[in-house]
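Enquirer: structure, please.
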Amino acid sequence: MDFWQRIDRMIGFESDNEVNVAFSRERVKSVRAVIHLYYLTILASFAGFAWIYRDLTVTKIVGAIIAVAVLLRFRHWTAPPAEGTTEDVNPVAARLTGLMVVLLSITQATFYVILALAEAERFPGDLRWGPVLAIGVLTALIQGAALTGIIFASRVIFFLFVLPLVLTVLYLFAGENLPASLAVVLLAAVSLYLSEVSHRIQLRLFKAQYDADQALVSMEKTNLELVNARRQAQRQAETDGLTGVRSRFAFIRDVEAKLAGGQSGLLAVIDLDRFKPINDLYGHHAGDVVLRHVARRLRRSLPQGAVVGRLGGDEFGLFLAGVSSSEKIGELVARCDHALAQLRKPMRLANALVSIGGTAGARVLGSDAADVGRALRDADAALYVAKREERETTKLFDDEIRGETARLRSIEADLMKIGTIEQMSLAYQPIVNLRTGELSSFEALARWHHPTDGEIPPSLFIPAAERLGQISEITLALLERALEFAADWEPPCRLSFNLSAAHICSEEAARDIVEVIDRCQFPPHRLQFEITETAMMVNFEVARANIEVLREAGCRIVLDDFGAGFASLIYLREIKFDKVKIDGSLVRNAREQQGRDMLRGVIRMIEAMKLECVAEFIETLADRDAALELGAELGQGFYLGRPLDRQGVLELLKRHREPQSKNVRSLITRQLGNEDNQAKALFDHPRPNSGTGRS
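Expert: Below is the predicted model of the structure:
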């Protein structure tokens, strides 16, 4: 250990103990506040003797040393040192202070010892040297008190100042009074012991305070981290991590705050159209990119102050303030429609250009609205109607939708009752060969005759059963009935059965269906399942796995409503189908030349893929002739035959076996004429899809 390291350790800067270093620094800070008293003590005691002993050489030498020390430290006292240069943080400054303490202590001890010896020599046997040593010791005690901030300063004062004076006293006084001399020695020893004990006690007290301060700092740090974590969690809870818009919880809270502030507005729920195929075709990362595009476009297309939130999945919420009149409501609906129009613009992905759309349901909210959650449910109800109408616009919640919603809730309540399935039945609509007039199959269609409400359309109870998780039970029960009835049909007439979106996309769907087929001992090759492309959009991978299981069991698979959406070609490529049913909109459009060209192209494409082709919704003779001319092999619709009950099916099968039934015309159960127009009117009004069967 070199000299400067020893000096640093004496001061307290060099230590393996963090507490000792911190203790030393804190005490040095306290020394700086009273250091002027240290020098005042030196000057006062020295000045008193220097006035009397100014002719002595030692007085002149000590005076010069003290003067130089005072001059060196004067600027330090008058002008505060720059940050980082004080003794508590700068080892160089601390060393200088320590060296000056040692130098002044030695100088003073030498001065008072020489004066005492000089007085003893001038006046032998006299005690004039006593006041000199007494003042010297008193000066040492005061200086020691002033320097207690420096570790081991008490030792410096004791060994370099007090001890020489004590030894001088013993030298001058021991021969005359031995007990007094021993008392001086004892007092000196006690003084040293007390200085050491005092230092240790202060160190322990400081350590306790230091530990308490550190614990407080740690606690404050922990509290700060908890506050930051709470703020971060709150930000995450309030912001959708993917799109950056408000989360569902924050969106509802923001709307409630605006309503509480006296604002009124339009609350809208937007559901994206054609979004699921993007996930299936390009992956979920592409879907995430699309959702971010949607959020960005919504914020840009809406006025400042509008609240935009992601309610979940591909569903977004909007709140536009400013409803005060019917005209204003129309303006807000128009703004919402404008936002939907922005969503329909193409979006660029990394390797593709995709297009989606959006449909909205909206609800007017006044400042007296108490339940935003209820308003969201009303907007959802309007959205359901808008989806059904396929307009990709904003549908405003009204009394008609309220009534329909109440009916849906009543239907849902009835679906949960025991015995409801027993009220359901099946109707069977024929599918015929347009060229030969032969019966190809019957499509089973679900019906529910309610004891009090009468006939409930499949478009209402099938989606309700899907929402309630009842669709699987209903489907399997109706399938078993259909299989038992179709078992006696004369081959090759097949049974065609629809599978709903929720059912085909459930994990155990295919296994349960195969169990029903095996239990009924129905020939699988006479059974075909119709699946819409929208059904597969719910969960494509699960749907494909279920389809493969059904195919392995020997069943035929039909793609229903082909042409109703742009994803059909994707599914034709990914899944092996046996038959394709062309959507009725293409058949209706074939009444015009452009539509005929489109239908011809679709039929040729299906033929090129070596798949059977069924033209749906043939409502008039012209529809049938057009489908036949353009190449459709099979047909289905009111013109060819309405849905029949069990007795009607048996009669038609019996008539089909008769010779005159070879012509398609003989299969029609009613004469045309005025009813032709009735069929056309029925076609021009959309008929809902039943899930397990269409009406």
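Enquirer: report the central residue of the protein.
Expert: For the chain, residue 241 is the residue whose C-alpha lies nearest the centre (Cα atoms, centre = their mean; 4.3 Å).
Enquirer: just the CA atoms of stretch 327-345, as PDB, please.
Expert: C-alpha atoms of stretch 327-345 as PDB (Å, rounded to 0.1, in the frame of the first residue of the first chain):
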ATOM      1  CA  GLU A 327     -80.600  15.800 -40.300                       C
ATOM      2  CA  LYS A 328     -77.600  15.500 -38.100                       C
ATOM      3  CA  ILE A 329     -78.200  11.800 -37.600                       C
ATOM      4  CA  GLY A 330     -78.200  11.400 -41.400                       C
ATOM      5  CA  GLU A 331     -74.900  13.300 -41.600                       C
ATOM      6  CA  LEU A 332     -73.300  11.000 -39.000                       C
ATOM      7  CA  VAL A 333     -74.600   7.900 -40.800                       C
ATOM      8  CA  ALA A 334     -73.100   9.300 -44.000                       C
ATOM      9  CA  ARG A 335     -69.800   9.800 -42.300                       C
ATOM     10  CA  CYS A 336     -69.900   6.200 -41.100                       C
ATOM     11  CA  ASP A 337     -70.700   5.100 -44.700                       C
ATOM     12  CA  HIS A 338     -67.700   7.200 -45.900                       C
ATOM     13  CA  ALA A 339     -65.400   5.300 -43.500                       C
ATOM     14  CA  LEU A 340     -66.800   2.000 -44.800                       C
ATOM     15  CA  ALA A 341     -66.100   3.200 -48.400                       C
ATOM     16  CA  GLN A 342     -62.400   3.800 -47.300                       C
ATOM     17  CA  LEU A 343     -62.200   0.300 -46.100                       C
ATOM     18  CA  ARG A 344     -63.200  -1.100 -49.500                       C
ATOM     19  CA  LYS A 345     -60.100   0.500 -51.200                       C
END
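Enquirer: so for it, mean pLDDT?
Expert: Across stretch 327-345, pLDDT averages out at 90.
Enquirer: tell me how far it lies from the chain's centre.
Expert: On the basis of Cα atoms, centre = their mean, to the nearest Å, stretch 327-345 sits 29 Å off its chain's mean C-alpha point.
Enquirer: and the contacts of that stretch?
Expert: Identification of contacts with stretch 327-345 by Cβ atoms under 8 Å, 6 or more residues apart in numbering yields 265-266, 268, 270, 272, 294, 297-298, 300-303, 318, 320, 322-323, 355-360, 362, 364, 392-394, 396. The C-beta positions use only the backbone N, C-alpha and C, and glycine is treated the same way.
Enquirer: relative to residue 475, how far out is the nearest residue to residue 492 once chain neighbours are set aside?
Expert: In this structure, residue 492 finds its nearest non-sequential neighbour in residue 526, 7.3 Å apart by Cβ to Cβ, 6 or more residues apart in numbering. Distance, residue 526 to residue 475, using Cβ to Cβ, to the nearest Å: 19 Å.
Enquirer: returning to that earlier point: among the contacts of stretch 327-345, name the ones in helices.
Expert: In helices, defined here by DSSP state H, the members of the contacts of stretch 327-345 are 294, 297, 298, 300, 301.
Enquirer: quick one, grab the pLDDT at the fourth one.
Expert: Put plainly, it is residue 300. For residue 300, the pLDDT comes out at 93.
Enquirer: what number of residues lie near it?
Expert: Using other Cβ atoms under 10 Å, residue 300 has 9 neighbouring residues.
Enquirer: mind starting the numbering at 54 from now?
Expert: All right, first residue 54 from here; so that's residue 353.
Enquirer: who's in contact with it?
Expert: Neighbouring residues of residue 353 by Cβ under 8 Å, 6+ apart: residue 395.
Enquirer: now swap in the second one and tell me
Expert: With contacts defined as Cβ under 8 Å, 6+ apart, residue 350 is in contact with 392, 395, 396, 398.
Enquirer: give me the PyMOL select line for those residues, limited to the buried ones.
Expert: Applied in PyMOL, the following selects the buried portion of the contacts of residue 350 according to 16 or more other Cβ atoms under 10 Å:
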select buried, resi 392+395+396
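Enquirer: so which of the contacts of residue 350 comes closest to residue 601?
Expert: The shortest approach to residue 601 among those belongs to residue 396, at 34.9 Å (Cβ to Cβ).
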